[in-house]
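Q: Sequence and computational prediction follow.
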Amino acid sequence: MNSAVSSTPTLDTLTTAVVGVGGDGSITLINAAAEHLLGVSRRTVLGQALGHQATLHSLQARVATAQRSDTPIIAHELSLPRMGDAPLSVDVIFTPYKDGVLIELRPVEYARKVARDTQRSAQLAASREVVRGLAHEIKNPLGGIRGAAQLLQRELPPDLQDYTRVIMGEADRLQALVNKLLGPSRPPSLARVNIHEALEHVRLLNVVQHPQAHIQRDYDPSLPDVLADRDQLVQILLNVVGNAAEAGASLITLRTRALRQALIAGVRHRVALQAEVIDNGQGIPPEQIERIFFPLVTTKTTGTGLGLAITQQLVAAHGGVIECESRAGHTRFVVLLPL
């Protein structure tokens, strides 16, 4: 038992949840991924009988079978009960070792999420490349159009110069749009940033710009500073909060938490910052929820459809991810950044 427990720090680097059961049926080890998955504490379960654990007691028969076997036993889509929550669907491998069994648990939804995130990242990257290519093709002719309008203005009488001013104004507007299409112009300048200071800055700006939306705060004051570009972090949060207010939300909640064993872009992190923006606005239509981070996609009657695309790029440049879930009257954006 001691050797199993001493190996836990190594097991804590794994993304797979691992539970060790001794020959007497007691839990001899549990790694951090299993703690997070099962919602238990290592201190409370070590040494306890497997059958006394509400979530794991249904595995007893297979553990006993594995103890009598020389080869691993694989079980797919087992349903584990959870107190006050929906059952957990997992694929499980029971591997005999010494006089015990190692139980590896991988949520079925985990594999689906990894595949979904990988596919979405590839689609976003391809979409951005197409849009950037188009933006480059547009940028040079725009400069020529504006320059020609300036030259023409010098030759026209004053009563006709309004037309060239319109041409130059529209060229400048399109130039600004092209610059947005090309994405952030610089990489993040990283420093330690207090997430709550950034959120408070965004909150105060929103009070001025959207006074009809009430903002409530639910902060975890114990969170450490995050390594980020402060200006870009503010821009990320401002885009999301501004979208919520423009969607007709009367209540916006800003929430921060520490998320342990967080999966970010396919990589497991021991702890991550989870910043949430929750609103009671009209919601995002189901057919658009998977596309909202793509360039030129918008749910609003006005706008360029670039705000969330730029937000996603900024978050990705910080090694993080942004996710969204929505239904009528409830939209939740989650930004995850490694700590």
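A: Thanks, I have the structure now. Numbers count the residues shown, from 1 in each chain.
Q: In contact with the nearest residue to Leu233 once chain neighbours are set aside: list those residues for me.
A: By the measure of C-beta to C-beta, 6 or more residues apart in numbering, the closest residue to Leu233 outside its immediate chain neighbours is Ala198, 5.1 Å from it. (C-beta placed from N, C-alpha, C; glycine too.) Neighbouring residues of Ala198 by C-beta atoms under 8 Å, 6 or more residues apart in numbering: 230, 233-234, 237.
Q: Serialize the residues you listed to TSV and add fields for pLDDT, distance to Ile264 and secondary structure.
A: Below are the contacts of Ala198 laid out as TSV (pLDDT from 0 to 100; distance: C-beta to C-beta, whole Å; DSSP: H, G, I helix; E, B strand; the rest coil):
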residue	pLDDT	distance to Ile264	secondary structure
Arg230	92	20	helix
Leu233	93	16	helix
Val234	92	21	helix
Leu237	94	18	helix
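Q: hmm, who's touching stretch 59-69?
A: With contacts defined as C-beta under 8 Å, 6+ apart, stretch 59-69 is touched by 21, 23, 25, 50-51, 72-73, 75, 78, 80, 92, 94-96, 99-101, 103.
Q: burial of Leu254, as a residue count?
A: 23 (other C-beta atoms under 10 Å).
Q: picking up where we left off before, now which of the contacts of stretch 59-69 would you call buried?
A: 21, 25, 50, 78, 80, 92, 94-96, 100-101, 103 (16 or more other C-beta atoms under 10 Å).
Q: What is the most widely separated pair among the residues you listed?
A: Largest separation among the buried ones among the contacts of stretch 59-69 by C-beta to C-beta: Leu80 and Pro96, giving 21.0 Å.
Q: May I see the buried residues of whichever strand or helix holds Thr256?
A: Element membership of Thr256 [criterion: DSSP states H and E] is strand 251-264. If you call a residue buried by 16+ other C-beta under 10 Å, then strand 251-264 has these buried ones: 252-256, 259, 261-264.
Q: still on that earlier bit, next, the residue nearest to Leu233: phi, psi?
A: Backbone geometry at Ala198, expressed as degrees, to the nearest 10, gives phi -70, psi -40.
Q: Same question for Asn206.
A: When read as degrees, to the nearest 10, the backbone of Asn206 gives phi -70, psi -30.
Q: Can you list the low-confidence ranges for the stretch 201-339 of the chain?
A: Scanning the stretch 201-339 of the chain with the threshold set as pLDDT under 70 gives 261, 266, 295-306.
Q: Against Val40, how distant is the residue lying closest to Ile93 once chain neighbours are set aside?
A: Counting by C-beta to C-beta, 6+ apart, Ile93 lies nearest to Glu104, which is 4.3 Å off, once chain neighbours are set aside. Glu104 sits 16 Å away from Val40, going by C-beta to C-beta, to the nearest Å.
Q: Where do the helices of the chain begin and end?
A: Using DSSP state H, the helices found in the chain span residues 2-6, 8-11, 32-38, 42-45, 60-67, 108-155, 161-181, 195-209, 230-246, 307-317.
Q: still on that earlier bit, could you quantify the relative orientation of the strand holding Thr256 and helix 307-317 as an angle?
A: Compare the direction of strand 251-264 with that of helix 307-317 by axes from the mean of the first three to the mean of the last three C-alpha atoms, to 10 degrees and you get 40 degrees.
Q: going forward can the numbers begin at 53, since that is how I track them
A: Right, with 53 as the first residue, what we last looked at is strand 303-316.
Q: Tell me the strands beside strand 303-316, with direction?
A: Under the criterion DSSP bridges, strand 303-316 sits next to strand 266-270 (parallel), strand 319-331 (antiparallel) in its sheet.
Q: Redo those as a markdown table? Include distance to Ile344.
A: Converted to a markdown table, the strands paired with strand 303-316 look like this (distance: least, C-beta to C-beta, whole Å):
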| stretch | distance to Ile344 |
| --- | --- |
| strand 266-270 | 22 |
| strand 319-331 | 14 |
